[in-house]
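>>> build me a model from this:
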Amino acid sequence: MKTSKFDRLNVFFRKGDERIKIGELERNSNGYIYRPVTNPISIPFMLLPLNDNDVNKVRESTSLFSVFSKRIPSKKRPDFQAMMTEWQVEDVDDEMEILARSKGRLLTDPWELDLFDE
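Residues are numbered from 1 along each chain as shown. So this is what the prediction gives:
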């Protein structure tokens, strides 16, 4: 698998103008890994992106977690290409690039994604 700067993204909780890192999403040859940041702030349990009884659990999946894949617009949308152009997406088949360039923002929740920084 060819590596890309989009293989690892930070996951943030937006609170007004503040962005608080709450996890990391990584793509590798086996699929995807979500690593929560250990209790960075007191976030209500039901607001965590992958909530279950263990909020500090590392999760792995062969496909992109639905909480993240729902942030990628359908290619069937009439404005799909315009969005990709606006976000400066070079590879429209790269889900992680779309998430990074669009920040994965939805109007319905406080989460966003961005390029990973060490």
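>>> which SSE is the nearest residue to residue 72 once chain neighbours are set aside in?
Leaving out its chain neighbours, the residue that sits closest to residue 72 by CB to CB, 6 or more residues apart in numbering is residue 98, at 5.1 Å. C-beta: built from backbone N, CA, C; applies to glycine. Assigned by DSSP states H and E, residue 98 belongs to helix 95-102.
>>> returning to what we had before: go ahead and confirm the residue nearest to residue 72 touches residue 88.
No. Residue 98 is not in contact with residue 88 according to CB atoms under 8 Å; the separation is 10.8 Å.
>>> tell me which of the two has more neighbours.
Higher neighbour count among residue 98 and residue 88: residue 98, with 21 against 8, using other CB atoms under 10 Å.
>>> mind listing what the more buried one touches?
72-73, 84, 87, 89, 92 (CB atoms under 8 Å, 6 or more residues apart in numbering).
>>> what do you get for residue 97?
Contacts of residue 97 by CB under 8 Å, 6+ apart are 4, 6, 89-91.
>>> I'd like the distance between the residue lying closest to it once chain neighbours are set aside and residue 79.
Leaving aside its chain neighbours, residue 97 sits nearest to residue 6 (4.4 Å; criterion: CB to CB, 6+ apart). The gap separating residue 6 from residue 79 is 22 Å, by CB to CB, to the nearest Å.
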